[in-house]
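[1] pasting a predicted model and its sequence here:
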Amino acid sequence: MADIVNLRQARKQKARLEKDRAAEQNRALHGRSKAEKQRDRLIANRSENFLAGHRREPSNDPGSE
């Protein structure tokens, strides 16, 4: 005997699978999550501040020469 298939449930399952495939493609296209972007931005800011704090620039004081 053949299995009985509820067509409404089959359509919904097919729609879910298509949405999952589209989501997978979008994840591949757009890459990183918001948390990963924030983490990388924080690391870049910390390194920039570290370098700016250790930068040697000539002072504009006339008595320092």
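    Sure, I can see it. Note that this is a predicted model, so its numbers are computed, not measured.
[2] every contact and neighbour count from this point should use C-alpha atoms.
    OK.
[3] gap between the longest helix seen in the chain and the chain center?
    Longest helix in the chain, counting residues (DSSP state H): helix 7-30. Mean C-alpha position of helix 7-30 versus that of the full chain (C-alpha atoms, centre = their mean, to the nearest Å) differs by 21 Å.
[4] one more: stretch 39-59?
    Offset of stretch 39-59 from its chain centre (C-alpha atoms, centre = their mean): 23 Å.
[5] which residues touch stretch 23-34?
    The set of residues external to stretch 23-34 that reach it, using C-alpha atoms under 8 Å, 6 or more residues apart in numbering, is empty.
[6] how about a cut-off of 10 Å?
    Applying C-alpha atoms under 10 Å, 6 or more residues apart in numbering, the contact partners of stretch 23-34 are 17-22, 37.
[7] likewise for stretch 44-55?
    Stretch 44-55 is contacted from outside by 38-40, 42-43, using C-alpha under 10 Å, 6+ apart.
[8] where in this protein is pLDDT low?
    For the chain, applying pLDDT under 70 flags the ranges 58-65.
[9] rerun at 90
    Low-confidence segments of the chain (pLDDT under 90): 1-5, 27-34, 36-37, 51-65.
[10] picking that back up, filter the contacts of stretch 44-55 down to just the ones in helices.
    Judged by DSSP H, the contacts of stretch 44-55 include 38-40, 42-43 as members of helices.
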